[in-house]
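Peer 1: sequence and computational prediction follow.
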Amino acid sequence: MHPVQGRFPAFRPRRLRRGPAIRALVSESTLSPSDLIWPIFVRAGEDVEEPVPSMPGVVRRSIDRVVHAAREAADLGIPAVCLFPYTGAEDRSADCAEAWNPDNLSNRATRAIKDAVPHLAVMTDVALDPYSDTGHDGFVRGDEIVNDATVEALVKQALSQAEAGVDIIGPSDMMDGRIGAIRAALEDAGHSHVVLLSYAAKYASAFYGPFRDAVGASGALKGDKKTYQMDPANTDEALRLVARDLDEGADMVMVKPGMPYLDICRRVKDAFGTPTFAYQVSGEYAMIQAAVQNGWLDGERAMMESLMAFKRAGCDGILTYFAPQAARRMAAHG
């Protein structure tokens, strides 16, 4: 419903755009560092920061450098970081056993962060693709990514992360029934405090390419992920999946990718009123950065406008590689 309004000249909308003070008073959406989660790539080694060529400004960090980044996030008012491991061929296998190794990269990085910056929330990814020799999020049998056996493995992975001290677990695999299975296992193991942020509406998108480079999955991936990630043409299905995951025990839900799916964010928030997040994925980040490097966009303005779009669409928070830059800009501008 639109409010009743007068006609010109009694109604002059530009009066409310006249200066920054008035614009601030009537701004409908706000953005702060507390809305951000910073995805960080973890690799083996010491004192290493290795650039990701397809993601300008993003690096893979050794665990000691991840701890430095965690301290930076806390200092900037960013409440959470999300860890993604870069794994070489030696850590990939058909049985994906490294996924639940208590001493894998993700678990060691979690413990290091919680020791150094205990009040910072650590989020981790639950999916088999960093550990699979096929690059898929689940086990492959013939030409099929099998569901139920994969869920059993995901439960083991989630429990190992909870034991390492993670605050938020993000199942991104899109297998059926995994939220209920993980929630039940966490409860049985005494980890009832661990938050589940489900990638409930994750689409089979072309915007993930740079991420797969960053975690070493591009060369391993055989085929595509269309049998388990969502069809970009569908919106009603997203609502059904969100409803299912909330019913199974998800505390928060995710839409991924972000900007091409702002309509999904709005529908999810309007339908459920639940904490709703979006992932500004690697391809979105890379497109903006590439345009900035070519002088086609004002980098800071494009960054902030893209992040505000998520808040306007109803998101409570955003996973974004821009997190530290955006937080510094917000601090500089009060």
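Peer 2: Done, it's in. The structure displayed is predicted, hence computed values, not measured ones.

Peer 1: what separates the helix or strand residue 156 falls within from the chain centre, distance-wise?
Peer 2: In the assignment (DSSP states H and E), residue 156 maps to helix 148-164. Taking CA atoms, centre = their mean, to the nearest Å, the mean C-alpha location of helix 148-164 is offset from the chain mean by 19 Å.

Peer 1: so who does the closest residue to residue 253 other than its chain neighbours touch?
Peer 2: Counting by CB to CB, 6 or more residues apart in numbering, residue 253 lies nearest to residue 200, which is 4.3 Å off, once chain neighbours are set aside. No exception for glycine: its C-beta is placed from N, CA and C like everyone else's. For residue 200, the contact set (CB atoms under 8 Å, 6 or more residues apart in numbering) comprises 238, 241-242, 244-246, 250, 253-255, 268.

Peer 1: strands - which of those land there?
Peer 2: 253-255 (DSSP state E).

Peer 1: picking up where we left off before, after the helix holding residue 156 comes which helix or strand?
Peer 2: Next helix or strand after helix 148-164 toward the C-terminus (DSSP H and E): strand 168-171.

Peer 1: what's that following strand packed up against?
Peer 2: strand 80-85, strand 121-126, helix 148-164, helix 178-188, strand 195-202 (3 or more CB pairs under 8 Å, 6 or more residues apart in numbering; DSSP states H and E).

Peer 1: burial of residue 295, as a residue count?
Peer 2: Neighbour count for residue 295, taken as other CB atoms under 10 Å: 8.

Peer 1: give me the low-pLDDT residue ranges for this structure?
Peer 2: The chain contains residues with pLDDT under 70 at 1-4, 216-220, 334.

Peer 1: now do the SS call for the residue nearest to residue 286 when sequence neighbours are not counted.
Peer 2: In space, and not counting its chain neighbours, residue 286 is closest to residue 210: 4.8 Å by CB to CB, 6+ apart. Judged by DSSP: H, G, I helix; E, B strand; the rest coil, the three-state class of residue 210 is helix.

Peer 1: surely residue 210 and residue 288 touch.
Peer 2: No. The pair residue 210 / residue 288 is not scored as a contact, 11.9 Å apart, by CB atoms under 8 Å.

Peer 1: just the buried residues of stretch 327-334, please?
Peer 2: By neighbour count on 16 or more other CB atoms under 10 Å, the buried set for stretch 327-334 is 327, 330.

Peer 1: and the contacts of that stretch?
Peer 2: For stretch 327-334, contacts defined as CB under 8 Å, 6+ apart pick out 31-33, 36, 73, 76-78, 300, 303-304.

Peer 1: return the distance of the closest residue in space to residue 28 that isn't next to it in sequence relative to residue 262.
Peer 2: Once flanking residues are discounted, residue 28 sits nearest to residue 312: 7.3 Å by CB to CB, 6+ apart. Residue 312 sits 8 Å away from residue 262, going by CB to CB, to the nearest Å.
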